[in-house]
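J.: I would like the atomic coordinates for the input below:
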Amino acid sequence: MPEIGPLRPERVAVYTLTLPGLSVAERVHKALPGSTLYAAAKYRGLVEGAVYFEEPIRELLPKTWSLHDGHVFVMASGIVLRAIAPLILDKRVDPAVLVVDLKGRYFVPLLAGHLGGANPLARHLAEALGGEAVLTTGTDSLGAPAPDLLAKALGARVPDWKPLKEVSALLVDGRPVGFWSDCVDLSPLLRYPMVRLLEAPEAEGVEGMVLFTVRRPFPLPVPTLFAHPPALVLGIGCNRGTPLEEIRREVFGFLQERGFARESLRALATAELKRDEAGLLAFAEETGLPLRFHPKEVLNAQRIPNPSEAVFRHTGLWGVAEAAVLAEGARLLVEKTKRGNLTLALGVLSLRLPEEALP
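T.: You can find the predicted model right below:
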């Protein structure tokens, strides 16, 4: 399967209105296994497996727009712009859109270059067809890091996208922008002259900031984009029969009181003996978080700061919450904390920036 960023080839549609365009569209279709080729009805039968349409493209698109994550048009950009204009909503949800000329030489992303994956799609098709990807997003054309692309590559949640425009403009203008993280190795960003890697989330000497953090947002004097990578591991032990409602209340209260972003939770971890704990299973299902069970020998092999003889006498374990965090390869941030029928501990994983997210 070809590498085209966040897009899957089978989720891409290819459109053409002309005979020269059909030849190029068929090549694009073959470069994207499983994609759907839409062709004007007057060319019916010329390409096996194509979907042929009678209506104008502006009437076809409302029917196909939500069916695909990417749309490739082998036709003039003016036709495409007029057709997609009523369908555009927001950069966070818009699909990738790019146009290709009738000779298959130029691949131009028009919409969702970063978050939707139009830029990597253009690069892939240009390489496959021997053409050129024409990228107009400022950070790509000027060789600056794109905060939205970095956040997407990390799987980070962004609670407020509004600062992105101002921070990106600073990067494009070559102004100093500070990057800081408590969970991601940002050293690859040192290659960019406008980037300042900060030792602390402080705005001294920079005009904007990008923070990849497991902490909740806090006020800063410069435009700041907060992104929450999935880097937190919650170790959890509980008394038998603890209900879902108590687990939900205590876990979220624990995170809230200590200033951690719920969006950064990556996994829940506990002991194998909790595999049939209904409340834990329900909480994992409700939050969509993986719940990992570690056997006794793995947990007891961890060097935990607060072993408990009482827990050992009862379960044969020196501890659950802290040991489960360490068993996940996380660094302990918060030692075990008793909350009602729960014992919680929190750890953070060290993440790396994917190289493909860097221009």
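J.: Looking at residue 70 now. What's its pLDDT?
T.: What the model reports for residue 70 is a pLDDT of 95.
J.: can you check the one 4 residues further on too?
T.: The predicted structure scores residue 74 at 97 on the pLDDT scale.
J.: ends of stretch 204-213, how far apart?
T.: Start and end residues of stretch 204-213 are separated by 18 Å (C-alpha to C-alpha, to the nearest Å).
J.: Okay, helices next: where are they in the stretch 1-150 of the chain?
T.: Counting by DSSP state H, counting those that start in this stretch, the stretch 1-150 of the chain has helices at residues 19-31, 57-64, 77-84, 118-129, 138-142, 147-154.
J.: want to throw the ones you listed into CSV with distance to residue 349, mean neighbour count and mean pLDDT?
T.: Bear in mind the C-beta positions are built from the backbone N, C-alpha and C, glycine included. Formatted as CSV, the helices of the stretch 1-150 of the chain follow (distance: least, C-beta to C-beta, whole Å; neighbours: other C-beta atoms under 10 Å; pLDDT from 0 to 100):
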stretch, distance to residue 349, mean neighbour count, mean pLDDT
helix 19-31, 36, 20, 95
helix 57-64, 40, 15, 95
helix 77-84, 39, 17, 94
helix 118-129, 26, 23, 92
helix 138-142, 27, 16, 66
helix 147-154, 11, 23, 90
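J.: wait, which of those helices is closest to residue 326?
T.: Set against residue 326 and scored by C-beta to C-beta, those come closest in helix 147-154, at 22.9 Å.
J.: Touching the closest one from outside, list them.
T.: The list of residues contacting helix 147-154 from outside it, by C-beta atoms under 8 Å, 6 or more residues apart in numbering, reads 6, 91, 114-115, 139, 156, 158, 161, 164, 167-168, 171, 184, 210, 212, 225, 227, 229-230, 351, 353-354, 356-358.
J.: got the angle between it and helix 118-129?
T.: For helix 147-154 against helix 118-129, the angle by axes from the mean of the first three to the mean of the last three C-alpha atoms, to 10 degrees is 80 degrees.
J.: Export helix 147-154 to CSV, keeping only CA atoms.
T.: Listed next in CSV are the C-alpha coordinates belonging to helix 147-154 (Å, rounded to 0.1, in the frame of the first residue of the first chain):
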residue,chain,number,x,y,z
PRO,A,147,2.5,22.9,13.8
ASP,A,148,-0.7,21.4,12.6
LEU,A,149,1.1,18.7,10.7
LEU,A,150,3.3,18.0,13.7
ALA,A,151,0.2,17.7,15.9
LYS,A,152,-1.5,15.4,13.5
ALA,A,153,1.6,13.2,13.1
LEU,A,154,1.8,12.8,16.9
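J.: wait, which of the helices of the stretch 1-150 of the chain is closest to residue 294?
T.: Comparing those by C-beta to C-beta, helix 147-154 comes nearest, at 25.7 Å.
J.: For the closest one, what is the distance to the chain centroid?
T.: 6 Å (C-alpha atoms, centre = their mean, to the nearest Å).
J.: wait, what's in contact with residue 130?
T.: Neighbours of residue 130 in contact, by C-beta under 8 Å, 6+ apart: residue 104.
J.: Give me the pLDDT for it.
T.: Note on residue 130: pLDDT of 94.
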